[in-house]
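S.K.: The amino acid sequence is not available; the structure is as follows:
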């Protein structure tokens, strides 16, 4: 049995023992580790791998549909799955699917001529990717470390999320007022704008950038109180999108790595 | 090339020609059907199948996360994928994942002693499954036919969704008032209650069953006006869950087959 197979097997045994999602694998008793290393047929390994993939996909979809309560880390047994998801084509496709929907929606709107039609963007995991940081932290397997994450933010090198840049350029061209709502602190404004600019985003001098450490709903309310109509909102967290003063349509980008209440 | 391979190939050619999700397959020109049947290596077929699976999963997840506008049918190229999803283990796992989350939440609550803590359930694709009907209608590939669907409803044989029954029994035992909000017409009340009872649901004589043909938000408001506190809500449509007068927590069951605005 090769290394991956063995890792997978250990991983699956650990499911039954240590994690609270219970997974119905129908493991035969003869699969239990009576000899320290158990050989089993490839088809069995394939079935177990498929089952684990389905379970981890199910968890990821539940997170996307806002079905999970606040969670601190991804399920331990989904570590390898999440790495493959984030680095592989699936995550890219998911970003593209959602941005294309948002773009079709934006294109379908007729804007008023008063310049008060607005589109809200979140920043982290929406306009900019912190994947290089999270790749060093188990893709959501490690507990969040705000001091370490802040050091990464200060480097100002978070790469662009390309489908979001395309959407951003499109809504800018259509004449939307762009409003950035971010959980980043006010004292990270300069490095953030430099990072966004280097990543390809054209940030106008008059563009709103509102810090949203408190609650995004309240920040949206302020924007609405200023007279803006929030027609669209792109974010990776439900707290970017849901609550009160919500946009006419909201678009949730995939993010299975962390949850912000 | 076997039948499935050939079907898959035809299906992929159709993507480029007829559907409005554009899928980036990087098809080589030599893959185009100059000879009527093209042989290509297994690995190529495997890659194309994987790509299609990722695209269709991405569409399904976008639907679950409420990222798609109103849609009438599933993407044509996802017909085979959706059949496999609905009949295979993935759909079952997804139902279980969400119901378990809901159950953990329900168990965590301390109910008041006035009997006014309520849990709302939708019926179709939530308590009862119309999968036998949709299996005859392409799993969402055909346009919805209300007359045909009504004939199916009148048979009263929609099977139970087991994880939902488990949740239902649990919230009943915990002392929640159960409220059924359904899009079914008032004149389908008797057949619906008989169907639910035969499927294993204990429907109390005083149980609320509210028709929700108009808007579920309004029906929830009525329930709240009667003094109930809606602590939980289980449904398969965003229109079951979102809007106004929402539950403290809502749980979205998977349904990639149809969309109700």
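M.R.: Done, it's in. Quantities reported herein were computed from a predicted structural model and do not represent experimental measurements.
S.K.: okay, the residue of the stretch 151-261 of chain A found nearest chain B: pLDDT?
M.R.: Using CB to the nearest CB, residue A:252 is the residue of the stretch 151-261 of chain A that sits closest to chain B, at 4.5 Å. Heads up, the C-betas are built off the backbone N, CA and C, glycines and all. Here, the pLDDT recorded for residue A:252 equals 98.
S.K.: Could you measure from the residue nearest to it when sequence neighbours are not counted over to residue A:98?
M.R.: Among residues not flanking residue A:252 along the chain, residue B:65 sits closest, at 4.5 Å (CB to CB, 6 or more residues apart in numbering or on different chains). Distance, residue B:65 to residue A:98, using CB to CB, to the nearest Å: 8 Å.
S.K.: Residues that sit against both of these two, list them.
M.R.: residue A:252 (CB atoms under 8 Å, 6 or more residues apart in numbering or on different chains).
S.K.: who in the stretch 151-261 of chain A is up against chain B?
M.R.: A:249-252, A:254 (CB under 8 Å from any CB of the partner chain).
S.K.: what's the burial count for the residue of the stretch 151-261 of chain A closest to chain B?
M.R.: Other residues within reach of residue A:252, judged by other CB atoms under 10 Å in any protein chain shown, total 25.
S.K.: Hmm, it is touching residue A:64, no?
M.R.: Yes. Here residue A:252 reaches residue A:64: they are 6.5 Å apart, a contact under CB atoms under 8 Å.
S.K.: Show me the common contact partners of the two, please.
M.R.: Both residue A:252 and residue A:64 are in contact with residue B:65, where contact means CB under 8 Å, 6+ apart.
S.K.: Could you chop chain A up by domain?
M.R.: A:3-70, A:91-252 (automatic domain parsing).
S.K.: For those domains, give me CSV that also has distance to residue B:192.
M.R.: What follows is those, written out as CSV (distance: least, CB to CB, whole Å):
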stretch, distance to residue B:192
domain A:3-70, 26
domain A:91-252, 31
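S.K.: Give me the residue ranges of chain A where confidence is low.
M.R.: Residue ranges of chain A with pLDDT under 70: A:1-41, A:205-215.
S.K.: which residues in it form helices?
M.R.: Remark: helices assigned in chain A by DSSP state H are A:3-18, A:42-64, A:79-87, A:89-108, A:131-135, A:146-155, A:162-174, A:189-198, A:216-225, A:238-241.
S.K.: looking at those helices, which is closest to residue A:118?
M.R.: Closest to residue A:118 of the helices of chain A is helix A:216-225 (CB to CB; 6.6 Å).
S.K.: which parts of that closest one are buried?
M.R.: Applying a neighbour-count criterion of 16 or more other CB atoms under 10 Å in any protein chain shown, one finds A:216-217, A:219-220, A:223 buried in helix A:216-225.
S.K.: same deal with stretch A:44-61?
M.R.: By neighbour count on 16+ other CB under 10 Å, the buried set for stretch A:44-61 is A:45, A:48-49, A:51-61.
S.K.: Work out the gap between that stretch and the centre of the chain.
M.R.: In terms of CA atoms, centre = their mean, to the nearest Å, the centre of stretch A:44-61 is set 20 Å apart from its chain centre.
S.K.: Are that stretch and chain B in contact anywhere?
M.R.: Yes. Applying CB under 8 Å from any CB, one finds stretch A:44-61 touching chain B at A:51, A:54-55, A:57-61.
S.K.: rewinding a little: if I pick the residue of the stretch 151-261 of chain A closest to chain B, what's in contact with it?
M.R.: Neighbouring residues of residue A:252 by CB under 8 Å, 6+ apart: A:64, A:98, A:235-236, A:238, A:241, B:65-67.
S.K.: repeat that with 10 Å
M.R.: With contact set as CB atoms under 10 Å, 6 or more residues apart in numbering or on different chains, residue A:252 has these partners: A:64-66, A:98, A:126, A:233-238, A:240-242, B:61-62, B:64-67.
S.K.: what is it paired to in the beta sheet?
M.R.: For residue A:252, the beta-bridge partners are residue A:235 (DSSP bridges).
S.K.: could you measure it against residue B:238, distance?
M.R.: Here the criterion is CB to CB. By it, residue A:252 lies 12 Å from residue B:238.
S.K.: anything in contact with each of those two?
M.R.: The contact lists of residue A:252 and residue B:238 share A:65, B:64-66, where a contact means CB under 10 Å, 6+ apart.
S.K.: count of neighbours near the closest residue to residue A:167 other than its chain neighbours?
M.R.: Among residues not flanking residue A:167 along the chain, residue A:99 sits closest, at 4.7 Å (CB to CB, 6+ apart). Using other CB under 10 Å, residue A:99 is surrounded by 23 other residues.
S.K.: contacting residues around residue A:99?
M.R.: Residue A:99 sits in contact with A:161-168, A:170, A:234, A:251, A:253, B:67, where contact means CB under 10 Å, 6+ apart.
S.K.: could those go into TSV alongside neighbour count and distance to residue A:134?
M.R.: Putting the contacts of residue A:99 into TSV (neighbours: other CB atoms under 10 Å in any protein chain shown; distance: CB to CB, whole Å) gives the following:
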residue	neighbour count	distance to residue A:134
A:161	24	13
A:162	15	18
A:163	21	19
A:164	27	17
A:165	18	20
A:166	16	23
A:167	26	22
A:168	26	22
A:170	16	27
A:234	28	20
A:251	27	21
A:253	27	15
B:67	25	22
